[in-house]
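Peer 1: Provided below are the primary sequence and the corresponding predicted coordinates.
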Amino acid sequence: MTFRDTLEGIGIDQLSGNFFEGWPNSPSTPTFLKLLEQSYAVELAVDEDTGNMVGFIQAISDGVLSAYIPLLEVLPEYQGKGIGTELVERMFNRLSDLYMIDLLCDDELQGFYEKKGMQKASGMVIRHYQNQVGVVNS
């Protein structure tokens, strides 16, 4: 497994697999690539044998005070191997100069993030599930 902090060498062909398992409206592969490209920071896990990306974490940020981590995904067949932990640690290290790093997750995932030093907090959200496939503006 290789970990990297750039999309260099990653194209649509390296994004195969079901990263959005359980989503009723998964983003298309071009939309997936676009969301990675437009992130403030990405950390990627790439299978050295196939050259395919098998996990990623992304952050959006103002680069001054705050960052938000919308997605951490590892392909199901690669889960339980420490890849998610490595991606989180790498991202937290990259964002360590910022005042706040926030994310929202399902209740069953809170323990994972608590082990990484995060604290539970409450928040509010709006979800337009019909837009879950994403919007790609040229």
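Peer 2: Yes, it's here.

Peer 1: ok, residue 62 to residue 108 distance?
Peer 2: 30 Å (CB to CB, to the nearest Å). Where you see a C-beta, it was placed from the backbone N, CA and C, and this is true even at glycine.

Peer 1: quick one: which of the two has more around it?
Peer 2: Neighbour totals were compared for residue 62 and residue 108, and residue 62 leads with 10 against 7 (other CB atoms under 10 Å).

Peer 1: which residue ranges form the helices in this protein?
Peer 2: In the chain, the helices defined using DSSP state H lie at 29-37, 83-94, 110-114.

Peer 1: Mean pLDDT and mean neighbour count added to those, as a markdown table?
Peer 2: As requested, these are exported to a markdown table (pLDDT from 0 to 100; neighbours: other CB atoms under 10 Å):
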| stretch | mean pLDDT | mean neighbour count |
| --- | --- | --- |
| helix 29-37 | 94 | 16 |
| helix 83-94 | 98 | 18 |
| helix 110-114 | 95 | 13 |
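
Peer 1: okay if I get these as a markdown table plus distance to residue 69?
Peer 2: Below are the helices of the chain laid out as a markdown table (distance: least, CB to CB, whole Å):
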| stretch | distance to residue 69 |
| --- | --- |
| helix 29-37 | 13 |
| helix 83-94 | 7 |
| helix 110-114 | 9 |
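
Peer 1: So which of those is nearest residue 49?
Peer 2: Ranking these by proximity to residue 49 (CB to CB) places helix 83-94 first, at 14.5 Å.

Peer 1: Which other helices and strands does that closest one contact?
Peer 2: Using 3 or more CB pairs under 8 Å, 6 or more residues apart in numbering; DSSP states H and E as the contact test, the elements touching helix 83-94 are strand 2-4, strand 41-46, strand 53-61, strand 66-74.

Peer 1: Repeat the analysis, applying 7 Å as the threshold.
Peer 2: Helices and strands touching helix 83-94, by 3 or more CB pairs under 7 Å, 6 or more residues apart in numbering; DSSP states H and E, are strand 41-46, strand 53-61, strand 66-74.

Peer 1: got those as a markdown table, with mean neighbour count columns?
Peer 2: Converted to a markdown table, the helices and strands packed on helix 83-94 look like this (neighbours: other CB atoms under 10 Å):
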| stretch | mean neighbour count |
| --- | --- |
| strand 41-46 | 22 |
| strand 53-61 | 22 |
| strand 66-74 | 19 |
